[in-house]
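>>> Build the 3D model from these lines:
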Amino acid sequence: MSHNICGYISFLNEILILLLNYVGAKIIKLKFKDDPIFIGRESNVTVVLGRDASLTCKVENLESYKVAWLRVDTQTILTIGHHVITKNHRVGVSRRDQSWSLLIRDVRPTDGGRYMCQINTEPMITQTHHLHVSVPPDIVDSDSSGEVIVWEGDNVTLHCAASGTPQPTIIWRREDSAPFNVGRETVTKWSGAWLNMTTVTRDMNGALLCIATNGVPPSVSKRILLHVLCKPTARFTQKMLGVYVGETMQLKCRIEANPPPTVYWTHIDLNKLYNGSKYQMSLKSQGYKHTAVLRVRNMSRDDIGSYYCYVENSMGSARDDITVYTLATTTPISTELTTALEDVTTTPLQTYAELEVKEHDPDLQFPDEDRIVVVLSQHQMQSLDFSPSS
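The predicted structure follows:
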């Protein structure tokens, strides 16, 4: 009986010694060693799409505890200590002194979100970091306007859709930077995904640019062609033109038309002219503006008169005309007239124009040589003596 009591007392002593040792260890630990703590605050990290991201937490007094990184939204464990747990090959981990960094290479939009740095203390302590992925702007072609055709005088609405993070802003402008009408305003640029232009004129024919930007380079743009259909107009910059006999004449007809027009030329009796050795015709176009050129070689008196520039397209037709006359230079005059002129203070005689506008008259005959014409003022006429010569 006494033997059992002694054994029981010995067992109690051993338990007491273990408890004292455990309490002593805890006291020593509290006295000489602190639990791990985070240094610094939670962070917000912004990275451009395709670049590498690094999220870092700093830990003091880590000792034998472990640092783990988790993705909050999916509760996925990414790393524990120096080991990568996830199968995502773009994820890595590194340690430098007290800093533990989660590395994400070639960042994608889906990588954005909250990441937790966790230490396996009891209770567990955590720190959350936010990763924001910036995405450069991109034009969404399927939701944006393409090539547009509109009648002159009508209204037109264009749309430009863009994606990106942050959401891009849209600015419209003409490719040639010229002003345009939006409602009652005349502007050189316009902000917004929609562009509503009123009473479109032919000079709006051309390209507009919708430019998307969100602060993440590069900005992007889409070129939208606007075709304004308009009736033709034809115009010569002058109504009369003087040319020298024997030289080559060139006429230019200024045309506005869309769709591009058909152009032909006629002379006097509306006979159509054709390309050949005598006539050469060409047409140069830039947008809705065109220049029709007629060259007539070796001008003669038969070539003077009116020339017509005819223009037509599916919207209508137009024409304009120009009158061509011959130029002549003065030739030597008689000695008596020369002497008389020397006594008169005049400006030098200049080239003059013979306005011999040819009518369509088969009986009309022209002399073989140019007539000599001298143009004098009234004072000069009074100073001359035109007495009959013997």
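>>> give me the element the most centrally placed residue in the chain is part of.
In the chain, the residue lying closest to the centroid (Cα atoms, centre = their mean) is Leu209, at 4.3 Å. Taking DSSP states H and E as the definition, one finds Leu209 inside strand 206-213.
>>> Against which helices or strands is that strand packed?
Under the contact definition 3 or more Cβ pairs under 8 Å, 6 or more residues apart in numbering; DSSP states H and E, strand 206-213 sits against strand 125-139, strand 169-174, strand 220-235. C-beta here means a position set from N, CA and C on the backbone, and glycine is covered the same way.
>>> buried sites along the last one?
Residues of strand 220-235 classed as buried by neighbour count (16 or more other Cβ atoms under 10 Å): 220-222, 224, 226-234.
>>> got the angle for it vs strand 125-139?
Inter-element angle recorded for strand 220-235 and strand 125-139: 20 degrees (by axes from the mean of the first three to the mean of the last three Cα atoms, to 10 degrees).
>>> so what strands line up beside the very next helix or strand once past strand 220-235?
For strand 220-235, the following helix or strand on the C-terminal side (DSSP H and E) is strand 240-244. If you go by DSSP bridges, strand 240-244 pairs up with strand 316-328 (parallel).
>>> from the chain's centre, how far out does the strand it pairs with sit?
Here the centre of strand 316-328 is set off from its chain's centre by 40 Å, with Cα atoms, centre = their mean, to the nearest Å.
>>> can you pull the buried residues of it?
Neighbour-count burial for strand 316-328 [16+ other Cβ under 10 Å]: Ala318, Asp320, Ile322, Thr323, Val324, Tyr325, Thr326, Leu327, Ala328.
>>> and the gap between the first one and Gly153?
When you say that, I think you mean Ala318. In this view, Ala318 and Gly153 are 17 Å apart by Cβ to Cβ, to the nearest Å.
>>> Likewise for the fifth one?
Here Val324 is placed at a distance of 36 Å from Gly153 (Cβ to Cβ).
>>> same question, Ile39
In this view, Ile39 and Gly153 are 71 Å apart by Cβ to Cβ.
>>> likewise Ser144?
Computed as Cβ to Cβ, the Ser144 to Gly153 distance reads 25 Å.
>>> How about Gly113?
Using Cβ to Cβ, Gly113 is found at 53 Å from Gly153.
>>> Averaged pLDDT, stretch 63-78. What do you get?
In this model, stretch 63-78 has a mean pLDDT of 95.
>>> try stretch 254-263
Averaging pLDDT along stretch 254-263 gives 96.
>>> Using PDB, write down the CA coordinates of that stretch.
Written as PDB, here are the backbone C-alpha positions of stretch 254-263 (Å, rounded to 0.1, in the frame of the first residue of the first chain):
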ATOM      1  CA  ARG A 254     -11.600  72.900-111.800                       C
ATOM      2  CA  ILE A 255     -14.100  70.200-110.900                       C
ATOM      3  CA  GLU A 256     -15.800  69.100-107.700                       C
ATOM      4  CA  ALA A 257     -17.700  65.800-107.900                       C
ATOM      5  CA  ASN A 258     -18.200  62.600-106.000                       C
ATOM      6  CA  PRO A 259     -18.400  59.900-107.300                       C
ATOM      7  CA  PRO A 260     -15.500  60.700-109.600                       C
ATOM      8  CA  PRO A 261     -16.900  62.300-112.800                       C
ATOM      9  CA  THR A 262     -16.700  61.600-116.500                       C
ATOM     10  CA  VAL A 263     -15.200  64.600-118.300                       C
END
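>>> In that stretch, which residues are buried?
By neighbour count on 16+ other Cβ under 10 Å, the buried set for stretch 254-263 is Ile255, Glu256, Ala257, Asn258, Pro261, Val263.
>>> same deal with stretch 107-115?
Across stretch 107-115, burial judged by 16+ other Cβ under 10 Å covers Val107, Asp111, Gly112, Tyr115.
>>> Ramachandran angles for the closest residue to Asp143 other than its chain neighbours?
Counting by Cβ to Cβ, 6 or more residues apart in numbering, Asp143 lies nearest to Ala161, which is 3.6 Å off, once chain neighbours are set aside. Main-chain dihedrals, Ala161, degrees, to the nearest 10: phi -110, psi 140.
>>> Could you number the chain from 160 rather than 1 from now on?
Done: numbering now begins at 160, and the last item shifts to Ala320.
>>> what about Ala320, neighbour count?
Residues within reach of Ala320, counting by other Cβ atoms under 10 Å, total 18.
>>> try Gly240
Residues within reach of Gly240, counting by other Cβ under 10 Å, total 14.
>>> my read: it touches Tyr224, true?
No - contact criterion Cβ atoms under 8 Å: Gly240 and Tyr224 do not qualify, at 9.6 Å.
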